[in-house]
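Visitor: Next comes the sequence, and after it the predicted model I'd like to discuss.
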Amino acid sequence: MEGVQVLTMKKLSVLGVGSAGCRITGLLKTLPGAEHLRLMGFDCDAEALKNSGLAPDDLLLAGEKWRQGRGCGGRENEGKTAAAAERESLKRLLADTSLLLVISGLGRGFGSGAMSVIQSVTAGMKLPTVFLLNTPFVFEGASRRNLAARTISRDLLPLADAVVTIPLDLLFCTLDPATSHEEAFALADRVMAEAALALTVTLCSGSRLAADFDTVSVLLCRKHAICGIGYSCVDASDPEKNRKIAEQLLDSPLLGGSTKLRQADAVLLMLNGGETLSLGDTREVFENVQKFLAPETEILTGAGADSAWGKEMRLAALTVKFDQAAENAALPEGSATPLRRGRKKHAGAEDEIQPELFPENATELGIMENTPPVIVDGVNLDVPTFMRNNDPSGGRR
């Protein structure tokens, strides 16, 4: 067993990215059981980092020299540029991590722009990474939703170990329409934080029933999936705890109710409790949840007992519905890069997907697209010479 590294909570880190990710990660810090996690924040907005409540030494301000602590105004390219400037700093921040959970909201500038940079850095470090992301409401508009879809399809799915995407529209499945904005978003943040904690505990080797990282990765790697996430908590001394915890799970605002649970292709169930958690409790809780699942649903379970959970018993569920139609369908023109099969990551691995070098629908102007053109003798100099000459070699001979 020499050289085999056992994953513990002390080697597992959570990185909140963008204002939403930092806010959720800061909330995670307040939860019992998260004391041994390293919680970090990454953003170009200094105010969002400060308000997260995370330790100053665990914060990384992106692009400070030219952004000067300001946000990127929802501009993806600004977010990507700011994140790319901190590649070496990000490597140092993640140096002692054995497994990383990235939390972010997509559809805005830094959260979306930084994803490809983080994926590249963690891949280069051979650092196993799970991305836990939420996508915008329908009413936020097509541009934000398209940006989120592009980020997932272009920057993450081709190479990421595991991508969990939670649509915020799931809030409409269980919440009263009269619920205030503040309360709705607070509930969503709380569920994301609770589920993130449950996921980190389950992926660690301390659980007796552990759905390890490889199991989760095989389920989600390079597959387009719409996920739901739910959480419930009961007093371990309640004689009806095993029934109540399963029923309360259905009311979680980001799970989507019993209908979404039954429609799931796969469900990851994560149960944690104090030292009094018994094998009988575990069996009864999981059997109670399975009553709401379709017979063909693939079920992955994780359970663990630790004194840190005290008198509470907590149940989290991650539902996975594979969106084959979205995976195969072409996105709107100009919205994403076509994909093709590429080289293998390692022997025996699935073929990875990588972007075409010069896709037909790629814009020629790139980051210059929304700037005044530089025209000389009728030639737009913002368009690279090799593109104007239709030279696939990029001008190299």
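Guide: Cool, got the structure.

Visitor: Which element, helix or strand, includes Ile166?
Guide: Element membership of Ile166, judged by DSSP states H and E, is strand 162-167.

Visitor: measure stretch 39-56 end to end?
Guide: End-to-end distance for stretch 39-56: 11 Å, by C-alpha to C-alpha, to the nearest Å.

Visitor: and that stretch, which residues are buried?
Guide: Judged by neighbour count (16 or more other C-beta atoms under 10 Å), stretch 39-56 contains these buried residues: Leu39, Met40, Gly41, Phe42, Asp43, Cys44, Asp45, Ala46, Ala48, Leu49, Ser52, Leu54. For glycine as for every other residue, the C-beta is placed from the backbone atoms N, C-alpha and C.

Visitor: Wasn't the first one part of a helix?
Guide: No - Leu39: not assigned to a helix; according to DSSP: H, G, I helix; E, B strand; the rest coil it is strand.

Visitor: Run through the bridge partners of it.
Guide: Val14 (DSSP bridges).

Visitor: my read: it touches Val14, true?
Guide: Yes - taking C-beta atoms under 8 Å as the definition, Leu39 is a contact partner of Val14 at 5.2 Å.

Visitor: any shared contact partners between those two?
Guide: Thr25, Leu28 (C-beta atoms under 8 Å, 6 or more residues apart in numbering).

Visitor: still on that earlier bit, among the buried residues of stretch 39-56, which lie within strands?
Guide: Leu39, Met40, Gly41, Phe42, Asp43 (DSSP state E).

Visitor: Spit out the contact partners of the second one.
Guide: Spelled out, it's Met40. By C-beta under 8 Å, 6+ apart, the residues touching Met40 are Ser13, Val14, Leu15, Gly16, Thr25, Leu54, Asp58, Leu59, Leu60, Leu93.

Visitor: Please identify the helix or strand for the fifth one.
Guide: Same thing as Thr25. Per DSSP H and E: helix 18-28 holds Thr25.

Visitor: Buried residues of that helix, list them for me.
Guide: Buried residues in helix 18-28 (16+ other C-beta under 10 Å): Gly18, Ser19, Ala20, Gly21, Cys22, Arg23, Ile24, Thr25, Gly26, Leu27, Leu28.

Visitor: One more: stretch 123-141?
Guide: Leu127, Pro128, Thr129, Val130, Phe131, Leu132, Leu133, Asn134, Thr135, Pro136, Phe137.

Visitor: send the alpha carbons of it over as CSV?
Guide: Only the C-alpha atoms of stretch 123-141 are listed here, as CSV (Å, rounded to 0.1, in the frame of the first residue of the first chain):
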residue,chain,number,x,y,z
ALA,A,123,-5.8,19.3,-15.3
GLY,A,124,-2.2,20.4,-15.4
MET,A,125,-1.8,19.7,-11.7
LYS,A,126,-3.6,16.3,-12.1
LEU,A,127,-6.0,17.5,-9.4
PRO,A,128,-9.3,15.7,-9.4
THR,A,129,-12.1,18.3,-9.6
VAL,A,130,-15.9,18.3,-9.3
PHE,A,131,-17.7,21.4,-10.6
LEU,A,132,-20.9,22.2,-8.8
LEU,A,133,-22.7,25.0,-10.8
ASN,A,134,-26.1,26.7,-11.0
THR,A,135,-27.5,28.1,-14.2
PRO,A,136,-29.7,31.2,-14.6
PHE,A,137,-33.4,31.6,-14.4
VAL,A,138,-35.4,31.7,-17.7
PHE,A,139,-36.5,35.3,-16.9
GLU,A,140,-32.8,36.4,-16.7
GLY,A,141,-32.8,36.3,-20.5
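
Visitor: Quick check: mean pLDDT of that stretch?
Guide: For stretch 123-141, the mean per-residue pLDDT is 89.

Visitor: any idea how far it is from the chain center?
Guide: Chain-centre distance of stretch 123-141: 3 Å, with C-alpha atoms, centre = their mean, to the nearest Å.

Visitor: do stretch 91-98 as well
Guide: In terms of C-alpha atoms, centre = their mean, the centre of stretch 91-98 is set 18 Å apart from its chain centre.

Visitor: now the end-to-end length of that stretch.
Guide: End-to-end distance of stretch 91-98: 13 Å, with C-alpha to C-alpha as the criterion.

Visitor: Let me know the distance separating the residue lying closest to Asp189 once chain neighbours are set aside from Leu254.
Guide: In this structure, Asp189 finds its nearest non-sequential neighbour in Ile24, 5.2 Å apart by C-beta to C-beta, 6 or more residues apart in numbering. From Ile24 over to Leu254 the distance is 12 Å, taken as C-beta to C-beta, to the nearest Å.

Visitor: now Val138
Guide: Val138 is 15 Å from Leu254, by C-beta to C-beta.

Visitor: Could you do Phe292 as well?
Guide: 16 Å.

Visitor: between those two, which one's more packed in?
Guide: Between Phe292 and Leu254, Leu254 has the larger neighbour count (other C-beta atoms under 10 Å), namely 28 against 20.

Visitor: The more buried one contacts Lys260, doesn't it?
Guide: No - Leu254 is not in contact with Lys260 according to C-beta under 8 Å; the separation is 9.8 Å.
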